[in-house]
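Trainee: My questions concern the predicted model and sequence given below.
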Amino acid sequence: MAHDMEVVNPRAGLFRVILTAYGLLIYLFLFAPIAVMILLSFNKSKVVGFPMTGFTLDWYSSLTQNMIIQDALGKSLAVGISVTVLATVIGTAAAFPLVRAHIKYRSAVRVFITLPIMIPGLLIGVAILVLSTNILHLQPSLPIAVIGQTVLATPFVILVVSSRLESLDRNFERAAADLGAGPVQRFSFVVLPLVYPGIVAAALMAFTLSLDEFVVTNFIIGSDQTLPIYIYSQLKFGITPEVNALASLMLLGTIALVVVTALGLRLIKMLTAKSRQEEKTGVPA
Amino acid sequence: MASLHSTKFDRRTLLLGSLALGASSFVMTGCASGASDTGAAGGTVNWLTWSDHFSNDQLKKVAASSKITGGPKLFSDNADALLQIKQTGSQFDIVSGDALWVKKYRQEGLIDPFQMDEIAVSKELYSAARDFSFLKDPQGYLGYPFSWSSVQIYFNPKLVKTPPTSWESLTDPAYKGLIVAENIPTDLLAIGGIATGSKEPYALKGDGLSKASDFLKALKPNIIKLASQNNEIISMLASGEAAIGISNLGTDLRVKSAGGPQIEAAYPTEGTIGFIDAEMITSKGAHQKLVRPFLNAMETSEYIVENFKTNGRPLFNEKAANILLNDPKTAQDAKRLFMGNPEKALAMTLKGPAENQQSYTEAFNQIFGA
Amino acid sequence: MATLETATRVPDSETRPVNPRSGVARRERRNWRQYVGFTPAAIVFGIFFIAPLCLIVVYSFWQTKDYNLVPEFTTKNYETITTTDTYIKTLGKTILMALLATATTLAIAFPFCYWLVRYVPPRLQRVLFLLVILPFWTSYLLRVYAWVAILGDHGAINVLLKNLGLTDEPVRLFLYDTPGVFIVLVYLYFPFAALTLYSSLDRFDWSLLRAGVDLGASPMRSLVTILLPQMKLAMVTAGIFVFIPILGEYVAPEIVGGTNGVLMGNLIANFFKGYLLPLGSAASVLIALVILVLLVLFRKGLDTKDIYGS
């Protein structure tokens, strides 16, 4: 913290106050739209916007009646899980050679890997659409949307896992090798336990990305709807606060998911620590 | 954990295992998109349409009685819908479209003609509606007529000092930032054509096209937003964000019921475009067999009456028209909004595709690009 | 005492853990084995990323007649894009907007991250940092649409101004115009910049600043001459991750931009919606080229090892 500077800087105290105020202002800026969004989900008025004509939970209850939303939720989850698994597997597999293999033009490979993130989603969506309808003669459909989203999510997985992998001290593996462990054992007992939080984080990232993905999906999903596509059609064609209620619930769901994952990771850490303790002492903890 | 010691945590098996998991969930999604089709004994019908062609209530009731669930997906511009149908094959069973676009769908081989008798409720339609020349095909009828309207000017008398009287008058700088219109390039250029005296607003080229473009360029600063669909025009007029709207019949009713002010209609001296819309049956739809019974259930006079009350523009169901004209509560609006005068529909310049769609899109982009 | 960490590090790619039982033959085989991990990625990206993009490039040289693609070679599409007034203006406007938004986002994010790293207790830091990411877990569409409710005629700002008695008429400064798009873009991309800058600031050795002061520099001078140069790489990375995606933005301008806030992405979307594939493809290729050039120029910024470490 900045205590070290405060000793020498007479104005540090003022600096701290200004910066803190600034920080809080930033949070206000960040959360204002979200607060507005959640607030308006309780608005009695049918139109999404101020003024608040009354307070009601009706929009939340109408969500349970809305078959279209529930269908979209199911599709979003199905797509999300598929994309997460595919992106995590493909991305993790690719992270290893990116970090460890002998590559002549590593930065070129890096540029290439980040391309799907950088190229406008609009272009990627249209390109995949055109490829599937004109060349492969496949209709836009849910599986194609899964593939499209995987293309988008995998670079993130690669980035996260590879940076985790890079900070991994190879000497651990060398030590294990010196002790006689083969490559497979080195992977499963040294690398994996050290890297898996990164993989989990990457998977989580892929999942949240998929849940909110709109641009590319819109082009290649055909007549099905995921939640973002439903929200977009509501935005364009007549929005009611029901959509706000939906978004608020989605936010809650994602927060819950992240919290559960974080707790889960901590649980695993505790359990493995316990079992290691068992092994060491030969006595159950 | 003893288990970790014993299992051969081979990297390859790990990879294969997770790929298998991924592949299976992948297959699951394929099934998920198919699973929604088999509801009860009936099924689902996928419908590409406008938001004012149905109500959620109506869909529920129809699903309960006929066991067929309608799954609407919304669009606003006919060109959009045509493209979607072209690219998706079996995914849509019904598509809604405006008058002259129907012929185009047929030309592209995207829809199938049908016999009016196959849909029993068609007896309730005006006889003129069952005889539209642009819906006729040697092999039957191409679309089930639904509604019609002209597209004219609506304004808020409280916010607009001098009421507009013509398309040309809308370019007056006094109206800066007051106008909202629907984002349909083809129709906007057609309006430009009508404003500049063209006889064929949907076949503009060369000089005619550039005159229409100039009109739109002059209009641009007065337009605050190009709305994605009619609902947005209604809400902007209701909230006062826009004071003038280019929209169809019934806008004043809908703005009022959305809690907005009483707005008035102005019929431009140069004339208007208008639409007659219909439901078409796609050729490759997966649930073709369900379409006719679905339409039969949806297009009954009771729902049409409700539709008029909500949307305020005329429809072609004669039985519904009589109900509305005879009910003292709705008679006045029904008369004013031409529910009993379907012949007026044919007097408008009907919406359709442009002869050279590409030039229209390019012209539009050049005007509204930056 | 020399530890494993301080011993000279040989790059990982040059050595691998030696299994005493390996022989020369094994090492030869391992040469191609090391690239195996790339295979699934190569397949997926090859078919569903590279191939489609190549198709788009091909299409940019073709023509359309009436909703049908005609494979006749022409450079007319590129000519149209590069010579038509409106398109050039839009492209220029998009690049300018992206530059401004990037500069603003970085300028706002830096003091914020500085505050977070220096003045917030470590425990709280992680929570507060997560709070910055949290908006990402809300629907992107609704985050944009919420600004309509804030900036609009009946939005929060105008209601506030009216209640404070400052205005009679609604202030229509931002919505449905370029400034509105600008605000929304900065809002959307702030977390990207914050993420990168925070990670980098977190690794910075703050005792260096104290050392600078001890050597006679003023605290501010110490900050500028010691901290900022080390942050250059992070700034570049943050800049890339904000500037480039903005070039392709079209949903946000569509929702809050009105007729004046049109960006290149909207134009391209309009082309594609009208099935003007060749024109849309040509425009997209041009944007993609700009992006590619930038990525190559600033490729150092993509080496996230120093930035995202853990």
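Mentor: In hand now; what should we look at?

Trainee: Need the nearest residue in space to whatever residue of the stretch 51-200 of chain A ends up closest to chain C, chain neighbours excluded.
Mentor: Minimum separation of the stretch 51-200 of chain A from chain C (C-beta to the nearest C-beta) falls at residue A:120, amounting to 2.3 Å. All C-beta atoms are positioned from the backbone trio N, CA, C, and that covers glycine. Distances taken as C-beta to C-beta, 6 or more residues apart in numbering or on different chains put residue C:248 closest to residue A:120, at 2.3 Å, once the chain neighbours are dropped.

Trainee: where do the helices sit along chain B?
Mentor: Per DSSP state H, chain B carries helices over the ranges B:2-6, B:11-35, B:56-66, B:78-88, B:99-107, B:185-195, B:206-219, B:230-239, B:251-257, B:288-298, B:301-311, B:318-326, B:331-336, B:357-368.

Trainee: Could you give the average pLDDT over the first one?
Mentor: The predicted model assigns helix B:2-6 a mean pLDDT of 35.

Trainee: Also the third one?
Mentor: If you average the pLDDT over helix B:56-66, you get 89.

Trainee: shaky segments in chain C?
Mentor: Under the criterion pLDDT under 70, the flagged ranges of chain C are C:1-30, C:66-67, C:173, C:301-310.

Trainee: try 80 this time
Mentor: For chain C, residues meeting the criterion pLDDT under 80 lie at C:1-33, C:64-69, C:152-162, C:165-176, C:203, C:219, C:258-259, C:273-275, C:299-310.

Trainee: The stretch 201-350 of chain B against chain A: which residues are in contact?
Mentor: B:228, B:229, B:231, B:232, B:235, B:238, B:239, B:258, B:259 (C-beta under 8 Å from any C-beta of the partner chain).

Trainee: Near the fifth one, how many residues? Count them for me, please.
Mentor: Put plainly, it is residue B:235. For residue B:235, the count of nearby residues is 24 (other C-beta atoms under 10 Å in any protein chain shown).

Trainee: can you tell me how far it sits from residue B:250?
Mentor: For residue B:235, the distance to residue B:250 (C-beta to C-beta, to the nearest Å) stands at 15 Å.

Trainee: what does the first one give?
Mentor: For residue B:228, the distance to residue B:250 under the criterion C-beta to C-beta works out to 19 Å.

Trainee: ok so, going back, go through the helices of chain B and find the least confident stretch.
Mentor: helix B:2-6 has the lowest average pLDDT among these, namely a mean of 35.

Trainee: Please name the residues that touch the nearest residue to residue B:365 once chain neighbours are set aside.
Mentor: In space, residue B:365 comes closest to residue C:270 once its chain neighbours are excluded; the distance is 5.5 Å by C-beta to C-beta, 6+ apart. Applying C-beta atoms under 8 Å, 6 or more residues apart in numbering or on different chains, we find residue C:270 in contact with B:185, B:361, B:364, B:365.

Trainee: which residues touch the third one?
Mentor: What it means is residue B:364. Here residue B:364 is in contact with B:185, B:188, B:189, B:216, C:270 (criterion: C-beta under 8 Å, 6+ apart).

Trainee: Report the rounded mean pLDDT for the lengthiest strand in chain B.
Mentor: As assigned by DSSP state E, the longest strand anywhere in chain B is strand B:144-155. The predicted model gives strand B:144-155 an average pLDDT of 93.

Trainee: what packs against that strand?
Mentor: Strand B:144-155 sits against strand B:244-248, helix B:251-257, strand B:264-266, strand B:273-282, with contacts defined as 3 or more C-beta pairs under 8 Å, 6 or more residues apart in numbering or on different chains; DSSP states H and E.

Trainee: export the longest one as PDB, just CAs?
Mentor: Extracted C-alpha coordinates of strand B:273-282, given in PDB (Å, rounded to 0.1, in the frame of the first residue of the first chain):
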ATOM      1  CA  ILE B 273     -47.600   3.700 -49.900                       C
ATOM      2  CA  GLY B 274     -49.400   0.900 -48.200                       C
ATOM      3  CA  PHE B 275     -49.300  -2.700 -47.500                       C
ATOM      4  CA  ILE B 276     -51.500  -5.800 -47.800                       C
ATOM      5  CA  ASP B 277     -50.000  -8.600 -45.900                       C
ATOM      6  CA  ALA B 278     -50.500 -12.300 -46.000                       C
ATOM      7  CA  GLU B 279     -49.300 -15.600 -44.400                       C
ATOM      8  CA  MET B 280     -47.400 -17.800 -46.800                       C
ATOM      9  CA  ILE B 281     -46.600 -21.500 -46.500                       C
ATOM     10  CA  THR B 282     -42.900 -22.300 -47.000                       C
END
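
Trainee: Could you list every helix and strand in contact with that strand?
Mentor: With 3+ C-beta pairs under 8 Å, 6+ apart as the test, strand B:273-282 has strand B:94-98, helix B:99-107, strand B:111-112, strand B:144-155, helix B:185-195, helix B:288-298, strand B:349-350 packed against it.

Trainee: quick check, the fifth one touching chain A?
Mentor: No - remark: helix B:185-195 sits outside contact range of chain A, by C-beta under 8 Å from any C-beta, the gap being at least 15.9 Å.

Trainee: quick one: that helix to strand B:244-248, angle?
Mentor: 110 degrees (axes from the mean of the first three to the mean of the last three C-alpha atoms, to 10 degrees).

Trainee: what packs against helix B:185-195?
Mentor: Against helix B:185-195 (3+ C-beta pairs under 8 Å, 6+ apart) you get helix B:78-88, helix B:206-219, strand B:273-282, helix B:357-368.

Trainee: Which residues does that helix contact?
Mentor: The contact list for helix B:185-195 (C-beta under 8 Å, 6+ apart) reads B:77-79, B:151, B:166-168, B:181, B:200-202, B:204, B:208-209, B:211-213, B:215-216, B:219, B:246, B:268, B:270-273, B:349, B:351, B:353-354, B:357, B:360-361, B:363-365, C:270, C:274.

Trainee: how about that helix: buried residues?
Mentor: Neighbour-count burial for helix B:185-195, counted by 16 or more other C-beta atoms under 10 Å in any protein chain shown, picks out B:185, B:186, B:187, B:188, B:189, B:190, B:191, B:192, B:193, B:194, B:195.

Trainee: Any chance of TSV for those residues, columns distance to residue C:106?
Mentor: Converted to TSV, those look like this (distance: C-beta to C-beta, whole Å):
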residue	distance to residue C:106
B:185	38
B:186	43
B:187	43
B:188	40
B:189	42
B:190	46
B:191	45
B:192	44
B:193	48
B:194	50
B:195	47
